[in-house]
Each structure stands twice: as C-alpha cells, then as structure tokens.
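1. have a look at this prediction, sequence included:
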Amino acid sequence: MTTPHEGEPNGRARPWDADAPHAHVDLAALRHNLALLRGRTAAGVRLLAAVKADAYGHGLLPVARALAAAGADAFGVATAAEALALRDAGVPGEVLMFGPVRAGIAELVAADVALTVALPADLEAIAAAGARARVHVKVDTGMGRLGLAPAEARSLIAAVARSPFADLEGVWTHLASADEPDATEPGSATDRQVAAFADLLARLERDGLRPRWAHAANSAGTLVRPDAHHDLVRPGIALYGQPPSAWLAQRVPALRPILRVDAPVTFVKRVAAGTAISYGGTWRARADTVIATVRLGYADGYPRSLSSRSAAGHRGRRVPVVGRVCMDQLMLDLGPDGDAEPGERVDLIGGDAPTAFDLAADAGSFVYELLTRIGPRVVRRYPGA
Ligand SMILES: Cc1ncc(COP(=O)(O)O)c(C=O)c1O
C-alpha cells in the first residue's frame, strides 16, 4: 500500500490535516542528491532509484515523479502493488521488482514491469503464467539473501536466455557491506563481492550471455566503489539525503536530508517540581517547569525507545522529550520560562530537531528503519512542488 498524499487524487488536503503531524519532503533537496550521485557515475551509467517502501517513507508517487523529471532512468520496488502504482500513475521509466514473484506475474508483465529471477523455480513460475517477461537474474556474491552463487547462476542465466518466456535483460547482485569503513580496501568483503561479480560478467561475456544491464551498487557502492557501477547504479537512502552509515556521513557531507517532520502542540501546562509525566511516571520535573504535549507518538513512527532520550526543535532551540513516548502523543520540557501556544508546530525529525540519522542511532535503530516506519497518519507535504 502507498500512503495517500496531499496533491494526489486519493490524498486531497482535508481540514483536519492541520491538526496532524506533517512530513515536509523537500523535492529540491531530492534533486540535489540525485545530481550528487550522478556526479559520481560515468556518462552512460543509468540510475535506478530504490523507491520501495513508499520511497523510504517519503511518498512513492511524488518522489518518483520528481526523480523521473530530474532524469532518473528506472525505479526499484519490492512489491507488485508498488510496481503497479508507478505504472498506473504513468511515471516514466523502467520498473524492476527487486525480488522474485509467484503471484500477479501476468499483470506485472502486461504493465511492462521487469522481473527478478533468483531460482529456476522463478523462471518456471513465469513460464506457467504464460507471459514473456523481461528478466534480471539475481546472483549472490556474498549478501546471503537471494540468488545462486555465480557458478550455479551461470546455468540459470543460460536457461533464461533460452526460455521462450523470458528476455534476459539484466544480471545483478547486492553489496552487503559497502557502507563499512573497509569497503574500499583490497580483500574486504565488498572487494570480494565486486571481484566475484566482475568475474561472472567476464565469463558471461565469453559465453555470449552478458545481458545489457549489469548492476550491483546501492548508495554506498555508488559513492565509494566506482568499479561496481557497471551499467546501472541503484541508490536509495542517499537520494533521501541520509548517509548509509556513520562512516559515509563523514565522507559525503554534501547530502541534504529531504525530510522534516513537525507536529502541533496540543496542550501546555505549568507543573511543580516533582510532577510525574506520562506512563509509569518514569520522568519527574526537577524544578517548576512548563510542559507541552505534542501530537506525535510511536504509532506515527516516533520510536518509543526515545522516551526521555531525545529532543525537539521549538522556536529554534532544542527542548528535551520527557517521559514515555505514547501511541499518539509525547511531552516536551520547555523549561521554567518556556511558552508555547496550542497549535504551534515543533520539529521532531530534522529541521531544528536532530536528523533522522542521529535520532535513529539514539533509538538503537538505523535510519532506514526510522524513515520507513513514519506512519500513514503523518501527512506528507511537498512544498514548492
Ligand atoms: C536490491 C536493492 N538495491 C538497492 C537498494 C538501495 O540501497 P540503499 O538504500 O542502501 O542505497 C536496496 C535497498 O536496500 C535493495 O534492496
């Protein structure tokens, strides 16, 4: 499922959206990040944007439309619903399913979606659907998730090439550790994956089986392993302006986060020293202070593990989140001289608050998870779109 968005046919602005948390998605920053990644690839290398999981929580269609208009060539998705949503909306560009499918093959092929084959059984499922699919064969060079090892994958690639139900268009692998500090070092896990894939491509070339599109690089691979770019790169997280890891945050400081989440204050009160706040009374005011309640909670994707452990941005300054984060609400300590108006908005992710990357680290999670868990009650907005 994709989230309804303002500006989409199924997501018109509703009066009560003014009371909701908002995710402001900066499409100009998205274009900046796309250009930055393009600047790392040689001319002629295509760019497939990973827009699975509702474009990492930013909104599939507005993000994909903006990327297509800015020159992204293709889109990578995880589910048939995501692929068909792109096609139904008429977003230009190739669409590739990142995983094999058993159901809906005829519909996907009719919509001109390219399919991934990782096992002989995936090819049999395509044949059983009676469709002629455009196929990319997934090879496991060390990720340990999908695909046969290169030696076995060669015969699968040959079978795809022979099949009357398939057009062999691509061969691909996925890098498991390209965001680790050793990613550029000889003999590292990434180095071995890059070498294994290059070796497979050379063998396919000799056998006359090298398909048009060979691809391996996620954001980290795009940024640090030009020898893994081949014909196409597949960045996701870096397009959204977040580094894949702390190591890459140092190396690529020019990425611009495209997301800011803010939410309205719903209640403000002055409390005496010793007053307990939220479930379990785990936080008590040390001195008289002003507490603001905000309409954002863990059901919206704000991690409960950040209870009394993070900060919001209020009128340009950081104020602590105090007490347990609730399902729909959280509380802020504005300090003894604090002041807020009900309806006033505070930043919770990005903007004057910590970045999604830093909040995720503090929550014991990581930025991909934090972004993709921002829930459907958070209204996505695209200022300037
Ligand atoms: C197959 C595949 N390619 C590319 C990506 C993009 O990865 P990243 O967001 O790290 O750039 C993903 C995401 O995990 C993926 O699963």
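-> Nice, I can see it.
2. contacts, neighbours, all on C-alpha from now
-> Fine.
3. just checking, next helix/strand downstream of the longest helix seen in the chain?
-> In the chain, assigned by DSSP state H, the helix with the most residues is helix 189-206. With elements assigned by DSSP states H and E, the helix or strand that comes after helix 189-206 is strand 213-217.
4. if you count contacts, what does that next one end up packed against?
-> Using 3 or more Cα pairs under 8 Å, 6 or more residues apart in numbering; DSSP states H and E, the elements in contact with strand 213-217 are strand 166-172, strand 232-233.
5. let's see that with 6 Å instead.
-> Secondary-structure packing of strand 213-217 (3 or more Cα pairs under 6 Å, 6 or more residues apart in numbering; DSSP states H and E): strand 166-172.
6. ok, residues contacting the strand it packs on?
-> Strand 166-172 has contacts (Cα atoms under 6 Å, 6 or more residues apart in numbering) with 132-139, 161, 211-216.
7. now, of those residues, which are buried?
-> 132-139, 161, 211, 213-216 (16 or more other Cα atoms under 10 Å).
8. so which of these comes closest to the ligand?
-> Nearest to the ligand, judged by Cα to the nearest ligand atom, of the buried ones among the contacts of strand 166-172 is Ala216 at 7.6 Å.
9. any idea of the pLDDT on the closest one?
-> Note on Ala216: pLDDT of 98.
10. now the strands for the stretch 1-150 of the chain?
-> Taking DSSP state E, counting those that start in this stretch as the test, the strands found in the stretch 1-150 of the chain are 22-25, 46-50, 74-77, 94-97, 115-117, 133-138.
11. so which of the ones you listed gets nearest Ala220?
-> Closest to Ala220 of those, according to Cα to Cα: strand 46-50, at 12.9 Å.
12. pLDDT of that closest one, averaged?
-> For strand 46-50, the mean per-residue pLDDT is 98.
13. is it anywhere near the ligand?
-> Yes: if you take Cα under 6 Å from any ligand atom as the test, strand 46-50 does meet the ligand, through Ala50.
14. for Ala159, grab phi and psi.
-> For Ala159, the backbone dihedrals (degrees, to the nearest 10) come out as phi -70, psi -40.
15. what is the burial count for Asp199?
-> 13 (other Cα atoms under 10 Å).
16. burial of Arg373, as a residue count?
-> Neighbours around Arg373, by other Cα under 10 Å: 18.
17. report pLDDT for Ala13.
-> You'll see Ala13 listed with a pLDDT of 83.
18. ugh, typo on my part, it should be Trp16
-> Note for Trp16: predicted pLDDT of 93.
19. what sits against the residue most central in space within the chain?
-> When Cα atoms, centre = their mean is applied to the chain, the residue found nearest the centroid is Tyr56 (2.9 Å). Contacts for Tyr56 (Cα under 6 Å, 6+ apart) come out as Leu371, Thr372.
20. give me that answer again for 8 Å
-> Residues near Tyr56 by Cα atoms under 8 Å, 6 or more residues apart in numbering: Gly236, Ile237, Tyr240, Tyr368, Leu371, Thr372.
21. separation between the third one and Val63?
-> So that's Tyr240. Distance of Tyr240 to Val63, computed by Cα to Cα, to the nearest Å: 9 Å.
22. who has more neighbours out of these two?
-> Higher neighbour count among Tyr240 and Val63: Tyr240, with 29 against 25, using other Cα under 10 Å.
23. so that one sits against Pro257, correct?
-> Yes: contact criterion Cα atoms under 8 Å: Tyr240 and Pro257 qualify, at 6.0 Å.
24. backbone phi and psi for the closest residue to Trp283 other than its chain neighbours, please?
-> Nearest residue to Trp283 in three dimensions, chain neighbours excluded: Gly323, at 4.9 Å (Cα to Cα, 6 or more residues apart in numbering). In terms of degrees, to the nearest 10, the main-chain angles of Gly323 are phi 80, psi 180.
25. ditto for Pro186
-> Dihedral angles (degrees, to the nearest 10) for Pro186: phi -60, psi 140.
26. mind jotting down where the helices sit in the stretch 1-150 of the chain?
-> Taking DSSP state H, counting those that start in this stretch, the helices of the stretch 1-150 of the chain run over residues 27-38, 52-56, 60-69, 80-88, 105-110, 120-129, 150-162.
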